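Colleague: Dropping a prediction and its sequence here:
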Amino acid sequence: MTLAELQELHSLPFFDLLKRAREVHEKFWPEGKIQLCTLLSIKTGGCSEDCAYCAQSARYKTELESHVLLEREEVMKHARAAKESGSTRFCMGAAWKGVRGGTPKFEQVLDIVRDVATLNMEVCVTLGELGPAEAGQLRDAGVTAYNHNLDTSPEHYPNIVTSHTYEDRLRTIRNIQDAGISVCCGGILGLSETITDRLRLLEVISNFNPAPESVPINSLMPMPGTPMAENPQVDPFDLVRMIACARIAVPGAKVRLSAGRTRLSDEVQALCFFAGANSIFYGEKLLTADNPEAEKDLALLAKLGLQTLEPNRALEAPGIDPFSPASPSPDGHLHHHAGVEGATAGCC
C-alpha cells in the first residue's frame, strides 16, 4: 500500500476502520485462531547498540541484570515448558549487534536451534544483523522464522538509533528472505513518532516481496535509564487503529499483539483481536519486559471463544509475488528484487 492509501484508511471513523479490518481478517483468516508464542532472552544486556528504547544497551545505566548466552539445556527447559503451556512458536532473542559464522557463540546458537527444532515447534530467532551465509546456516539448523523489526519510519529511525542504519536492517531482512526463512518484522509505537511515521513503517512492510509472515505491533514499555524512560503511554485507540491498518495492509500475515499488553485491559485486547491481531507473546517475560501471565491470557481467550493455532513446523516462507516485481527502499525509489542488496525488507 502507499502512504496516501494508508493515511486515508487511518483517518476513517474508528468503527468504519474496524469494520474494514474485520472483513479482511475473516477473508484471510476464516478460522479465527490465535497463535501463542513464547519469547526467551538467551543472552541479555551488554549490547553495543544505542537503541534509545532498549534497556539492554551497554550505553545506558539501567537496572537490567546482564547474562551471557544460556546453556543449551537451560534453553531446552524453557522450550519444553513453553510447549507444555500451549505455545506453538518458540522465539529466542540475543542482545547482539549481529552474528558471524564460525564463531563459538554462533555455533552454540545453531546447536540450540537444532535441539529446539526437535520439539515440533516453530523456531524463531532474533540475533541482530546477519549475512547470507549465516542465514542459510540458521535455516539448515531448523529456524522457521527470523524476527528483525524496523521499529519506525525510515525518516524517524535516526532519531532513535545511530549505531546502525535503516539500510542495515533491510539488508539483513533481504538475506533472510533469500535464504527462504519467513520474516517477522514490525514496529514499536511510542517512540516519539508521528502518525505519518507509523504509516510509513506499514508502507515499507506492506511492500516487502516476499511478504512478511508476521508483523508484531509493540507498544513502548519505557525502561528506567534509557533516553525514552519518560515517554507517555500509547493511547489504546491508537494501538487498535494500528492493528487494523496492519491487518488491511498485510492481509496474509499474522499480526502479533506484542509488548505493552500488561497495560491493556481485557476490553482493549478484545478490540485488537477483532481488528485483526491473531497472535500474542505468551508467558511471564517478553525479553526484559513483563508480560501477562499465561493463565490470564487463556482465561481471556476462553471468554472470547477464541481457539489457539496448532504448530506448523512445515511453515514455508511466503513466495515472491510475480505481480509485484519491485519494492520501495527507504528513499522511496523502486528497486527490482533480483540482485539489489537491501532493496526490500522483510525483532520480536
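Modeller: Yep, it's here.
Colleague: okay, now R20: neighbour count?
Modeller: R20: 18 surrounding residues under other Cβ atoms under 10 Å. (Each C-beta comes from the backbone N, C-alpha and C, glycine too.)
Colleague: Output the contacting helices and strands for whichever strand or helix holds it.
Modeller: Applying DSSP states H and E as the criterion places R20 in helix 14-28. Secondary-structure packing of helix 14-28 (3 or more Cβ pairs under 8 Å, 6 or more residues apart in numbering; DSSP states H and E): helix 3-10, helix 236-249, helix 266-275.
Colleague: which of these sits most buried?
Modeller: Ranked by mean neighbour count, these are led by helix 236-249 with a mean of 24 (mean count of other Cβ atoms under 10 Å).
Colleague: Residues contacting that one, please?
Modeller: The contact list for helix 236-249 (Cβ atoms under 8 Å, 6 or more residues apart in numbering) reads 1, 6, 9-10, 14, 17-18, 20-21, 24-25, 186, 189, 198-199, 202-203, 205-206, 215, 217, 219, 253, 255, 257, 260, 264-265, 268, 271-272, 275-277.
Colleague: sec struct for G86, please.
Modeller: The three-state assignment at G86 reads coil, by DSSP: H, G, I helix; E, B strand; the rest coil.
Colleague: Give me the distance between it and H78.
Modeller: 14 Å (Cβ to Cβ, to the nearest Å).
Colleague: When those two are compared, which one has more neighbours?
Modeller: A count of neighbours by other Cβ under 10 Å puts H78 above the other of G86 and H78, at 19 against 15.
Colleague: The more buried one contacts L40, doesn't it?
Modeller: Yes - here H78 reaches L40: they are 5.0 Å apart, a contact under Cβ atoms under 8 Å.
Colleague: for this protein, what spans make up the strands?
Modeller: Shown for the chain, the strands assigned by DSSP state E span residues 35-43, 89-94, 122-126, 145-147, 182-184, 187-189, 214-219, 254-257, 279-281, 285-286, 289-290, 326-328, 334-336.
Colleague: Throw the helices and strands packed on helix 14-28 into TSV and include distance to A52 and mean pLDDT, thanks.
Modeller: Formatted as TSV, those follow (distance: least, Cβ to Cβ, whole Å; pLDDT from 0 to 100):
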stretch	distance to A52	mean pLDDT
helix 3-10	24	98
helix 236-249	20	98
helix 266-275	26	96
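Colleague: could I get the ones you listed as TSV with distance to S163?
Modeller: Conversion of those to TSV gives the following (distance: least, Cβ to Cβ, whole Å):
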stretch	distance to S163
helix 3-10	27
helix 236-249	26
helix 266-275	32
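Colleague: Please identify which of those helices is closest to T103.
Modeller: T103 lies closest, by Cβ to Cβ, to one member of these: helix 236-249, at 35.4 Å.
Colleague: Also compute the angle for the closest one relative to helix 14-28, please.
Modeller: Here helix 236-249 points in a direction 40 degrees away from that of helix 14-28 (axes from the mean of the first three to the mean of the last three Cα atoms, to 10 degrees).
Colleague: CA atoms only for helix 236-249, dumped as CSV, please.
Modeller: The C-alpha coordinates for helix 236-249 follow below in CSV (Å, rounded to 0.1, in the frame of the first residue of the first chain):
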residue,chain,number,x,y,z
PRO,A,236,-5.1,2.3,23.3
PHE,A,237,-7.3,3.5,20.5
ASP,A,238,-4.1,4.4,18.5
LEU,A,239,-2.9,0.9,19.1
VAL,A,240,-6.2,-0.6,17.8
ARG,A,241,-6.1,1.6,14.8
MET,A,242,-2.5,0.5,14.0
ILE,A,243,-3.6,-3.2,14.4
ALA,A,244,-6.4,-2.6,12.0
CYS,A,245,-4.2,-0.8,9.4
ALA,A,246,-1.6,-3.6,9.6
ARG,A,247,-4.3,-6.2,9.1
ILE,A,248,-5.5,-4.5,5.9
ALA,A,249,-2.0,-3.6,4.7
